[in-house]
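Visitor: give me a model of this one.
(2 chains)
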Amino acid sequence: MAAEAVMRKSSVSISLIFHVMAFLIGVISFPWLKKDYEIPQPVSVEIVAIDKVARTTKQAPVPVKKQEKKVEEPTPPKPPPPAQNTGNEAVEPVKKDEIKKEDQVKKEDKVLIDPMAHPDKKLDKKEEKKKKVTEEPKKDFASVLKNLSDEKVKMPPMPKTEDMKLDDSTPKEGQNIPLGDRMTMTEMDALRAQLQGCWNVPIGAKDIETMKVDIFMVINRDRKLQSAKVVDTGRYNSDTFFRAVADSAMRAVRNPNCSPFELPPDKYDTWYNTTVTFDPSQMF
Amino acid sequence: MKNFAFIFSFAVMALLAFASPASAQGLHVTVDGGKVNPLPIAIPDFVSASGAPDEIGRNMTKVITDDLQRSGLFRPLNQSSFIQPAAAAAQKPNFGEWRTINAEALATGLLSKTPDGKTRVEFRLWDVFAQQQMVGTAYMTTPTNWRRIAHIIADAIYKRLTGENGYFDTRIVYISETGPGNARVKRLAIMDQDGHNHRFLTDGSALVLTPRFSPTMQQITYMAYYNNKPRVYLYDINSGRQSVLGDFPGMTFAPRFSPDGRKVVMSLSKNGNSDIYTMDLRSRNPQRVTNDASINTAPSFSPDGQRITFESDRSGKQQIYVMSANGGSAQRISFGEGRYASPVWSPRGDLIAFIKMSKGQFALGVMKPDGSGERIIKTAYHIEGPTWAPNGRVLAFFTEKPAGTSRKAELHSIDLTGFNDMVIDTPLGASDPAWSPLNP
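Guide: This is a model prediction of the structure:
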């Protein structure tokens, strides 16, 4: 009897605990339980032309260069036929190409110096001298990867491959934020366009079209970068190609030309933690 | 009661740990494009440890700068724009001043003499924006070997910033040509990839063709004509020793090496057909790979040695095929207009370079090993002889001008993206380049 009573008591206690847990989950996660939450009114959307700063996420298709060259000779030469032997002499001994031992670079003498030396990071507080630099004209690549042919090569049908699954694990932009505080498309496009201008993409890197790099940033209220880090540190340390792309992304967010960030000052709570995904796949 | 309190506290803590307040996730933006420009890098003159200018240091700086500039991936900044002096930068970079001139990377070097007369070069590569050192290495060698050290340092910069292995500490073997078209004198020649340290390996008394470099050793194969027959030689560049691999009637290209350097792959002609064979360099026993009543030629191994790509006219026209290196069925991978020839598999494995003849013109192109993504990166009156740098990023080839003009053949290098087409300077006309692996 006593045992039954104890069991009944503990069942009630456990049940009570779980009810409390459920209640607290509801209070924290369900906004409508908050007393001061107001159901957002529908916001009218005015369709306007995208301003100069903002850009759409999709890039216009890059026109393929048509290269038409005049052929100077109508018939190309055939591959060189085997030449006639000029004589019956055997090939004379070739000259040695000696590499003296002392000219060899001593790998065992290589010394790693302070692999992660951090000299004084303190920036000069004085206004930095602006010195005019005569920059060489930028090499503007007309298309990402050159193709001088306008021929569309018809490949035989390939077996279907599994569609690339979109990564849904990252939070959607602006989720759970009151509507008035959310970043507008134009504001996000402004930041996107700014970073695009600072990101130098290593286009020839192996498998570049499949590389995606996430950079997590903490941004100060003055819209300047406080800190940035590559999210996938495991891959950064094991894949040199990924590291090169990740480094290019880190240089983009640290580029002085992208400081301060194009962010609305009054929405600091929205953007002080920002994750930027650098995805070059659309460029190919 | 105690148990109840413990369970309750635990439940509350677990709840709070997993609860998600409204805006903790933050903003998420995707940047799906950028610019494509060479990376601006500052390379002040390497100086002596005392800070004084050093002639060898200056020369090394020039070699490094030229290497990186020629790759097309870097834009070395003009030294006249530098604010911080080279000596000070080598001791402690002032990143603010380097940022001002838009340098994204900084390379510094200090030279000193060791007690035994060797030169010690202390090199550092800095990330200007992150204000951190990326690479720090010291090299020691004889003073006369400074050029190799410069190439090795250029490779280190290249590798750290692109992720790719470098290719500056390499050599190119090629056929040097001179004389009129009906009495051409051809000699085997070798030089550094930047054209320096050029020397001839044969004297031109016999016709030599198509040198091929081993991907692992300082060895080449090449073809020479002996008694009116093509004979293939195996030649060790370091020792100067060479041996005859065999006489192969009808052969038009010297064999190519397997990735481990122990075998070669070649085409042999018999009864009007041409088939692919592999040969172990120790046993010298050819093993047949294709068995087809057509012309199968110009084979090249994949970097893992498991497959070969080759040219065949079995479909009625020259096309490119891929198959297992042990034999079996071949898969055609070229489908465009024109004829395809001379496929060469990139050491990186992701591309096959080829020559295409279409509409009266020659073209150099690349495609993926499954045939997709075909791109033409160079057209000319006559292009042949593609060879990959050991990192699979850059191609060398040769072009010829039409008859009637000066028939000088010249070597070129080009990035796989199709940009940065550059002439490689040679003393005379040049053809049939073969790119070495990195020097040991």
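Visitor: low-scoring stretches of the stretch 301-440 of chain B, by residue?
Guide: Within the stretch 301-440 of chain B, the ranges that satisfy pLDDT under 70 run B:403-407.
Visitor: where does the residue in the stretch 51-200 of chain A that chain B sits nearest to sit: helix, strand or coil?
Guide: Scanning the stretch 51-200 of chain A for the residue nearest chain B gives residue A:146, at 2.4 Å (criterion: CB to the nearest CB). The C-beta positions use only the backbone N, C-alpha and C, and glycine is treated the same way. Under DSSP: H, G, I helix; E, B strand; the rest coil, the three-state class of residue A:146 is coil.
Visitor: now it: closest residue in space, sequence neighbours ignored.
Guide: Counting by CB to CB, 6 or more residues apart in numbering or on different chains, the nearest residue to residue A:146 once its immediate chain neighbours are dropped is residue B:418, at 2.4 Å.
Visitor: I'd say the one you found and residue B:364 touch.
Guide: No. The criterion here is CB atoms under 8 Å, and residue B:418 misses it with residue B:364 at 9.3 Å.
Visitor: quick check: buried residues in stretch B:42-55?
Guide: Of all the residues in stretch B:42-55, those buried under the rule 16 or more other CB atoms under 10 Å in any protein chain shown are B:42, B:43, B:44, B:45, B:46, B:47, B:48, B:54.
Visitor: quick one: contacts for the residue in chain B positioned nearest to chain A?
Guide: Here chain B gets closest to chain A at one residue, residue B:418, 2.4 Å apart by CB to the nearest CB. Taking CB atoms under 8 Å, 6 or more residues apart in numbering or on different chains as the definition of contact, the neighbours of residue B:418 are A:145, A:146, A:147, A:148, B:375, B:377, B:378.
Visitor: quick one: it from residue B:85, how far?
Guide: As judged by CB to CB, to the nearest Å, residue B:418 and residue B:85 stand 39 Å apart.
Visitor: and chain A, what are its domain boundaries?
Guide: Here the domain assignment for chain A is A:1-39, A:42-56+A:178-284, based on automatic domain parsing.
Visitor: you'd agree residue B:225 is up against residue B:231?
Guide: Yes. Counting by CB under 8 Å, residue B:231 is a contact partner of residue B:225 at 7.1 Å.
Visitor: please parse chain B into its domains.
Guide: For chain B, the domain assignment from automatic domain parsing gives the residue ranges B:39-162, B:171-435.
Visitor: so which of those gets nearest residue A:253?
Guide: Nearest to residue A:253 among the domains of chain B is domain B:39-162 (8.8 Å), distances taken as CB to CB.
Visitor: now the end-to-end length of that closest one.
Guide: With CA to CA, to the nearest Å as the measure, the ends of domain B:39-162 fall 10 Å from one another.
Visitor: the residue nearest to the spatial centre of chain B and residue B:377, how far apart?
Guide: Geometric centre of chain B, nearest residue: residue B:389, 1.7 Å, by CA atoms, centre = their mean. Counting by CB to CB, the separation of residue B:389 from residue B:377 is 14 Å.
Visitor: poorly predicted segments of the stretch 51-200 of chain A, please.
Guide: A:51-143, A:158-180.
Visitor: residue A:223 in helix, strand or coil?
Guide: Three-state call for residue A:223 (three-state DSSP): coil.
Visitor: ok, residue B:266 - contacts?
Guide: When the contact criterion is CB under 8 Å, 6+ apart, the partners of residue B:266 are B:232, B:248, B:251, B:253-256, B:276-279, B:286, B:299.
Visitor: just the helices in chain B please.
Guide: B:2-18, B:55-71, B:86-91, B:95-100, B:146-162 (DSSP state H).
Visitor: the third one near chain A anywhere?
Guide: No. Using CB under 8 Å from any CB of the partner chain, no contact is recorded between helix B:86-91 and chain A, whose separation bottoms out at 9.3 Å.
Visitor: neighbours of the residue lying closest to the residue nearest to the centre of chain B once chain neighbours are set aside, how many?
Guide: If you skip the residues right next to it in sequence, residue B:389 has residue B:167 as its closest partner in space, 3.9 Å away by CB to CB, 6+ apart. Using other CB atoms under 10 Å in any protein chain shown, residue B:167 has 27 neighbouring residues.
Visitor: ok so, going back, if I look at the residue of chain B closest to chain A, how far off is residue B:377?
Guide: Where residue B:377 is concerned, residue B:418 sits at a distance of 4 Å (CB to CB).
Visitor: any residues in contact with both of the two?
Guide: A:146, A:147, A:148.
Visitor: same list, these, but as CSV with neighbour count and distance to residue B:132 please.
Guide: Below are the shared contacts of residue B:418 and residue B:377 laid out as CSV (neighbours: other CB atoms under 10 Å in any protein chain shown; distance: CB to CB, whole Å):
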residue, neighbour count, distance to residue B:132
A:146, 22, 34
A:147, 19, 38
A:148, 19, 41
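Visitor: interface residues of the stretch 151-300 of chain B facing chain A?
Guide: Proximity of the stretch 151-300 of chain B to chain A (CB under 8 Å from any CB) is limited to residues B:152, B:159, B:161-164, B:184, B:188, B:190, B:199-203, B:205-209, B:224-231, B:233, B:235, B:237-240, B:242, B:250, B:252.
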